[in-house]
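Visitor: coords below, sequence missing:
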C-alpha cells in the first residue's frame with residue numbers, strides 16, 4: 001500500500017473514514033446553507049459573525065470539561081451520542097427553514113445548540129484516532145482524516161451552492177440542504193457501531209476524581225512545544241481562519257456574486273487543503289519549523305488575497321490559503337497527539353481544540369464588524385497581520401521557555417536531527 005494511505009489497512013479506520021466522509025460532506029453543505037439562510041433572512045456581516053461565534057462559543061466554554069469526559073468514557077459511544085445531538089440540531093433548523101418559519105434569533109439558538117454537540121465531539125474524535133491505528137501510523141491517520149475532511153469540503157460547498165440555486169435561492173432552499181446534513185450523520189453513527197472492539201487500542205478510562213482538568217492543564221504548561229503550538233493556532237484560528245464569514249462577504253459585497261460562486265470559493269480553498277492533507281499523510285515526523293513556517297505563510301497568503309482585484313483571481317488563489325491552513329493544523333494536531341501521554345490525550349486535545357476553535361467567538365464578530373465597517377478586503381488583511389503577530393509571539397515565548405534564543409536554536413537543531421523513533425519528546429514518553 002502507498003505510504004500516503006498506509007493507515008487504511010486497518011479495518012476500523014477504514015470504516016471511520018468512510019463514515020466521516022459522508023457526514024462531513026453534509027456538514028459542509030450545512031455551513032454554506034446556514035450562511036445563505038442568514039443572508040436570506042436579511043442579516044449582514046455582523047449577523048454572519050454572530051452566528052459563527054455562537055456556534056463555536058460552546059467549544060470555548062465546554063471543551064476543557066469535554067476532554068475530561070473523553071478520558072472517562074469509551075470514545076466510540078461518546079461519539080455516537082455527540083453525532084446524534086448535532087443531527088437533531090440540524091433537523092430542527094432544516095424544518096424551520098423549509099416551512100418558512102425560521103428567524104435569525106432561531107438560527108442563533110440552534111447554532112449554539114449545534115456547538116454544544118461539537119464541543120463534546122471534538123476532543124473525543126481527535127483522541128479516538130490513536131485508538132484505531134498503531135502509534136507509527138498516527139501521523140498518517142491524522143493526515144488522511146484531514147484529506148477526507150477536505151474532500152468533503154470540496155464536494156459539500158459546491159453541492160450546497162448548486163442545490164440552493166436549483167431550488168430557488170430562498171429560505172426554503174437552504175432548509176432542504178440542511179436536512180440532507182441531518183440525514184448524513186446516520187453514516188458515521190452506523191460505522192462506529194460496526195467496528196471490531198478487539199482491534200481498538202483503548203486506554204483504561206481514568207475514572208472520576210478531583211483535579212482531573214487541572215492535571216491536563218499543568219501537563220500542557222510543562223511542555224514548551226505544546227505552548228508554541230497553542231499560541232500559533234490561537235492567533236490563526238481566532239483571526240485568520242474565518243473563511244466562512246470572510247468569503248461570504250467577499251463573494252457578495254466585493255465581487256457581487258451569488259450562492260453558486262460563494263460555494264465555489266469553499267470548494268476552491270478545500271482543493272488546497274486536500275493537497276496539504278495528502279502531503280501531511282506522507283510525513284513520518286513533525287518539525288517545529290514546519291508549524292511556524294506554515295503559519296507565517298498562511299498569514300502572508302491572507303494579506304495577498306486581500307489585494308486581488310477580481311473574483312477569478314481570488315478563486316484561483318484561495319487554494320494557497322487552504323494548503324497552508326491544513327499544513328499548519330495537521331502538523332499542530334499531530335505534534336500535540338504524539339507528545340501527549342495516552343491517559344491525558346483526551347484532555348490535551350480538548351485544550352488544543354479550545355484554543356484552535358474557541359477563539360472563534362472572539363474573532364468572528366470582530367472580523368465580521370471589520371468587514372461591515374471597512375469592507376471585506378480588510379477581513380483578510382487584518383486576519384493575516386494578526387496571524388503573523390501570533391507567530392512572532394509564539395517564537396518569543398518558546399525561546400524564553402527553552403533558555404533564550406540560544407536554547408531555541410539548540411532545540412531546533414535537536415529537532416532536525418532527532419531520529420523518527422525519538423520524535424516524541426522525552427517528557428511525554430515518560431509521563432503516565
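Guide: Perfect, I can see it now. The structure presented is a predicted model; accordingly, all values stated were derived computationally and were not measured.

Visitor: drop to CA atoms for contacts and neighbour counts, all remaining ones
Guide: Noted.

Visitor: and the residue nearest the centre of the chain, how far is that from residue 17?
Guide: Nearest to the mean C-alpha position of the chain, counting by Cα atoms, centre = their mean, stands residue 357 at 6.9 Å. From residue 357 across to residue 17, the span is 22 Å (Cα to Cα, to the nearest Å).

Visitor: equivalent analysis for residue 49, please.
Guide: 31 Å.

Visitor: residue 280 too?
Guide: Counting by Cα to Cα, the gap from residue 280 to residue 17 is 16 Å.

Visitor: out of those two, which sits in the more crowded spot?
Guide: More neighbours surround residue 280 than the other of residue 280 and residue 17, with 27 against 21 (other Cα atoms under 10 Å).

Visitor: quick one: residues contacting the closest residue to residue 47 other than its chain neighbours.
Guide: Distances taken as Cα to Cα, 6 or more residues apart in numbering place residue 38 nearest to residue 47, at 7.1 Å, with adjacent residues excluded. With contact set as Cα atoms under 8 Å, 6 or more residues apart in numbering, residue 38 has these partners: 44, 47, 48, 104, 107.

Visitor: any idea how far the first one is from residue 214?
Guide: When distances are taken as Cα to Cα, residue 44 and residue 214 turn out to be 40 Å apart.

Visitor: what's the weakest-modelled helix or strand in this structure?
Guide: Every helix and strand of the chain was ranked by mean pLDDT, DSSP states H and E. The lowest is helix 426-430, at a mean of 35.

Visitor: low-confidence ranges, the stretch 301-432 of the chain, go.
Guide: 358, 360-361, 407, 411-432 (pLDDT under 70).

Visitor: what's the distance between residue 338 and residue 344?
Guide: 12 Å.

Visitor: higher neighbour count, the two?
Guide: The residue with more neighbours, out of residue 338 and residue 344, is residue 344; 27 against 22, by other Cα under 10 Å.

Visitor: state the mean pLDDT of stretch 139-148.
Guide: Across stretch 139-148, pLDDT averages out at 80.

Visitor: which residues touch it?
Guide: With Cα under 8 Å, 6+ apart as the test, stretch 139-148 has contacts from 4-7, 17, 20-21, 129, 133, 273-275, 277-285, 326, 330, 333-334.

Visitor: just the buried ones from these?
Guide: The neighbour-count test (16 or more other Cα atoms under 10 Å) marks 4-5, 7, 17, 20-21, 129, 133, 273-275, 277-282, 285, 326, 330, 333-334 as buried among those.

Visitor: show me the helices in the stretch 101-250 of the chain, by range?
Guide: 104-132, 138-166, 171-193, 212-221, 224-235, 243-249 (DSSP state H, counting those that start in this stretch).

Visitor: rebuild those as TSV, extending it with distance to residue 382.
Guide: Compiled in TSV, those are given as follows (distance: least, Cα to Cα, whole Å):
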stretch	distance to residue 382
helix 104-132	25
helix 138-166	25
helix 171-193	30
helix 212-221	29
helix 224-235	11
helix 243-249	11
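
Visitor: who are the contact partners of residue 48?
Guide: Applying Cα under 8 Å, 6+ apart, the residues near residue 48 are 35, 38, 39, 245, 368.

Visitor: for the helix or strand harbouring it, the distance to its chain's centre please.
Guide: According to DSSP states H and E, residue 48 maps onto helix 45-72. Centroid displacement of helix 45-72 relative to its chain, using Cα atoms, centre = their mean, to the nearest Å, is 12 Å.

Visitor: now it: average pLDDT?
Guide: For helix 45-72, mean pLDDT rounds to 79.

Visitor: ditto for stretch 230-240
Guide: For stretch 230-240, mean pLDDT is 90.

Visitor: figure out how far that stretch is from the centre of its chain.
Guide: 12 Å.

Visitor: list of residues touching that stretch?
Guide: 292, 295, 299, 302, 329, 332, 352, 355-364, 367, 380, 382-384, 386-387, 389-391, 393-394.

Visitor: try stretch 158-178
Guide: With Cα under 8 Å, 6+ apart as the test, stretch 158-178 has contacts from 26, 29-30, 32-34, 36-37, 40-41, 90-91, 93-100, 259-264, 266-267.

Visitor: sticking with the residue nearest to residue 47, tell me its helix or strand.
Guide: helix 11-40.

Visitor: return the set of buried residues in that helix.
Guide: For helix 11-40, a neighbour-count test (16+ other Cα under 10 Å) marks 12-13, 15-17, 19-40 as buried.

Visitor: name the nearest residue to residue 349, sequence neighbours excluded.
Guide: With sequence-adjacent residues excluded and distances taken as Cα to Cα, 6+ apart, residue 349 is closest to residue 123, at 5.4 Å.

Visitor: neighbours of that neighbour, just the number please.
Guide: Counted by other Cα under 10 Å, the residues lying close to residue 123 total 31.

Visitor: check residue 78 too.
Guide: Neighbour tally, residue 78, other Cα under 10 Å: 16.

Visitor: do I have it right that it meets residue 72?
Guide: No. With contact defined as Cα atoms under 8 Å, residue 78 does not count as touching residue 72 (10.1 Å).

Visitor: separation between the closest residue to residue 33 other than its chain neighbours and residue 255?
Guide: Counting by Cα to Cα, 6+ apart, residue 33 lies nearest to residue 174, which is 4.9 Å off, once chain neighbours are set aside. Separation of residue 174 from residue 255 (Cα to Cα): 22 Å.
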